[in-house]
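J.: Provided below for reference: sequence and predicted model.
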Amino acid sequence: MKKLLVICAIVLWSALNFLNGQEVPSKEYKSNYEQVMARTAWWRQSRFGMFIHFGAYAVPARGEWVKSNEKLTTEQYQKYIDTFNPIDFDAKVWAKTAKAAGMKYAVLTAKHHDGFCMFDSKLTDYKLSTRFGGRDLVREFLDAFRAEGIKVGLYYSIIDWHHPDYPNVGNHPQRDDKEYAKRTFNWDNYLKYMHGQVEELVKNYGKLDIIWFDYSFDEYSGEKWKAKELVEMVRKYQPDIIMDNRLSTHEGSSSKLRMVSTLGDFETPEQGIPDVPLVDKYGNPIPWETCLTLNGVWGYNEFDHNWKSPELIVHSLVNCVSKNGNLLLNVGPDARGNIPAECVEILNEVGNWLGKNGESIYGSGSSSLAKPDWGRYTQKGNTIYAHWLYPNLGQLNAKGVSGENVKNVTLLKSGAELPYQKTWWGNTETGNFFITASITAEKPVKYDTVVKIELKK
Ligand code: GLC
C-alpha cells in the first residue's frame with residue numbers, strides 16, 4: 001500500500017511538472033552542475049579581473065580586428081609583425097597595476113584572431129619570441145602575476161586569420177577574395193595545430209587557473225573544433241582549470257535554454273550587464289562574467305580616449321556582483337608594452353575604493369531585497385551591503401529589513417555607526433528601514449557609499 005502511494009505521488013509529481021512545462025535535470029546534468037560550481041568557487045569569490053589584449057595589432061593601433069576590418073593580406077599585415085617590439089614590456093609593472101586595482105585574476109591573449117603567438121610555440125615561427133631576444137612574454141606574464149598572488153588565465157583564439165589551413169570563413173580578412181577561396185584548406189591539419197598549441201599552453205606553463213577560448217560562430221562550433229576532445233585534453237593536464245563557454249555557440253542567449261555545459265564553466269556577456277542574475281533553465285544560478293573595455297576597443301587604439309569613468313567602473317562592478325556575476329575589465333597595452341596612463345589612473349581610483357569597500361564585493365553576491373531607488377544591494381551571509389549610487393534626498397530606505405533583526409548598521413568605509421529608524425515624516429507604510437548615511441543629499445563616499453547592515457539571522 002505504502003509503495004503504491006509513493007509510486008502514485010511520483011507519477012503525479014512528474015505529470016504536474018510535465019503540465020507546467022518544467023523539465024527535471026538529468027543526473028548527468030546535476031553532477032556536471034555541481035562540478036562547475038565547485039571548480040568556479042574561488043572565481044565567483046574573486047569577482048574582479050583584468051583582461052589584457054596585447055599583440056602586434058598595437059602597432060597599427062586601430063584595435064585587434066584591424067586585419068579583418070581592413071581586409072589586410074598576410075603580406076600587408078607583416079609590417080606590423082616586423083615592427084612590433086614591446087621594449088617597455090615589464091610584466092611586473094602590469095601585475096602591480098592589477099593588484100593596486102584590486103583585481104584578483106588576469107587573462108592575457110596568448111594568441112588572438114590574427115594568429116600571431118605571444119607565447120613561444122614550437123608549432124610555428126609566427127611568434128614574438130623569435131624577434132624578442134627569445135623572451136616568452138606569456139611566461140613572464142604568468143610568473144609576475146602569480147608572484148603578486150593573482151590567479152592567471154590565458155585567452156586563446158580558436159579562430160586563426162593567418163594559418164594556411166584555416167578557411168576564409170566568417171570574418172576572415174580574405175572573406176571576399178575569390179582567388180584565396182580557391183586554395184585547399186586542410187581542416188584536420190588546422191585542428192591538429194590548434195589542439196597542439198592549446199596542449200603547449202596547458203602542459204608547459206605550470207598551473208593555469210583559467211582558459212578563455214574565443215570564439216564559435218555558425219557551424220564553426222562545438223564538434224567542428226573537436227571540442228570534447230580538446231576539453232578532455234585540457235582537463236587531463238589542468239584538472240581544476242575553469243573555461244569560458246565559447247567553444248560552442250552556446251544556449252546562453254536564451255534564458256529558456258540556458259544550461260551549464262560540459263564545454264565550459266561560465267557565461268561571457270560582452271560589453272553589457274544582464275538585467276537579472278543568470279540562471280539555467282531549471283532556475284539554478286550559473287557562473288557568469290561580463291567582459292568590458294575601458295574605452296571602446298580591446299586592443300590598443302591611439303585615437304580612442306573615450307575612457308569610462310572610475311565611477312562607471314565601480315557601479316558596473318557593483319551591478320555585476322549584485323547579480324552574482326564577475327567583471328573582467330580590459331586594458332590594451334600600447335606597442336611598446338605600456339598600459340596607457342589613463343587606464344592606470346582609472347584602475348588606481350577603482351582600487352582605492354575597493355581598498356575600503358572590498359568586502360562588499362569579494363565573496364559577495366545577490367541579495368534577497370528588491371533593488372532600491374538609490375542604488376543596489378550585495379549580500380554575504382547575514383550581512384547586507386547597501387550601495388548608495390544615485391542622487392538621493394533624505395535617508396536611504398532599506399525596505400524589507402526588519403529593525404528587530406538588525407545587529408549593527410555602519411558606514412563600511414570608516415566603521416562608524418549610522419542611525420536608523422523605522423518611520424520618517426509622513427511615511428506610514430510598513431517594512432521601512434530608514435538609514436541616515438549623510439545629512440546632505442551628497443554621498444559621503446566618492447563613487448559609491450556602502451552601508452553595512454549586519455543582521456542577527
Ligand atoms: C570578441 C572579439 C575579440 C575580443 C573578445 C573579448 O569575441 O572577437 O576581439 O577578444 O570579444 O571578449
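T.: Yep, it's here.

J.: residue contacts, the closest residue to residue 451 other than its chain neighbours?
T.: Leaving out its chain neighbours, the residue that sits closest to residue 451 by C-beta to C-beta, 6 or more residues apart in numbering is residue 386, at 4.2 Å. All C-beta spots, glycine's among them, are computed from the backbone N, C-alpha and C. Contacts for residue 386 (C-beta atoms under 8 Å, 6 or more residues apart in numbering) come out as 372, 375, 377, 396, 398, 435, 450-453.

J.: Repeat that for residue 86.
T.: By C-beta under 8 Å, 6+ apart, the neighbours of residue 86 are 54, 58, 128, 132, 137, 333, 335-337.

J.: Point out the least confident one among those residues.
T.: In terms of pLDDT, residue 132 ranks lowest among the contacts of residue 86, with 94.

J.: What about the contacts of residue 386, which are in strands?
T.: Among those, the members found in strands (DSSP state E) are 375, 377, 396, 435, 450-453.

J.: residues near the nearest residue to residue 446 once chain neighbours are set aside, how many?
T.: Nearest residue to residue 446, sequence neighbours excluded (C-beta to C-beta, 6+ apart): residue 353, at 7.1 Å. Residues lying near residue 353 (other C-beta atoms under 10 Å) number 24.

J.: what's the helix or strand for residue 353?
T.: In the assignment (DSSP states H and E), residue 353 maps to helix 341-357.

J.: do the same with residue 142
T.: Using DSSP H and E, residue 142 falls in helix 137-147.

J.: Tell me if I'm right that residue 298 and residue 62 touch.
T.: No: the pair residue 298 / residue 62 is not scored as a contact, 11.7 Å apart, by C-beta atoms under 8 Å.

J.: which of these two has more neighbours?
T.: Set residue 298 next to residue 62 and count neighbours by other C-beta under 10 Å: residue 298 wins out with 27 against 18.

J.: excluding its backbone neighbours, what's nearest that one?
T.: Spatial nearest neighbour of residue 298, excluding adjacent residues (C-beta to C-beta, 6+ apart): residue 53 at 4.1 Å.

J.: For the one you found, report the pLDDT, please.
T.: 98.

J.: before we move on, what about residue 185?
T.: As predicted, residue 185 sits at a pLDDT of 98.

J.: likewise residue 403?
T.: Residue 403 is given a pLDDT of 89.

J.: Near the ligand, which residues of the chain? Just list them.
T.: Within the chain, the positions adjacent to the ligand are 53, 64-65, 214-215, 270, 291, 298 by C-beta under 6 Å from any ligand atom.

J.: now, which of these sits nearest residue 365?
T.: Lowest distance from residue 365 to those (C-beta to C-beta) belongs to residue 291, with 19.1 Å.

J.: Now the closest residue to the closest one other than its chain neighbours: which helix or strand?
T.: In space, residue 291 comes closest to residue 328 once its chain neighbours are excluded; the distance is 4.5 Å by C-beta to C-beta, 6+ apart. Residue 328 belongs to strand 325-331 when assigned by DSSP H and E.
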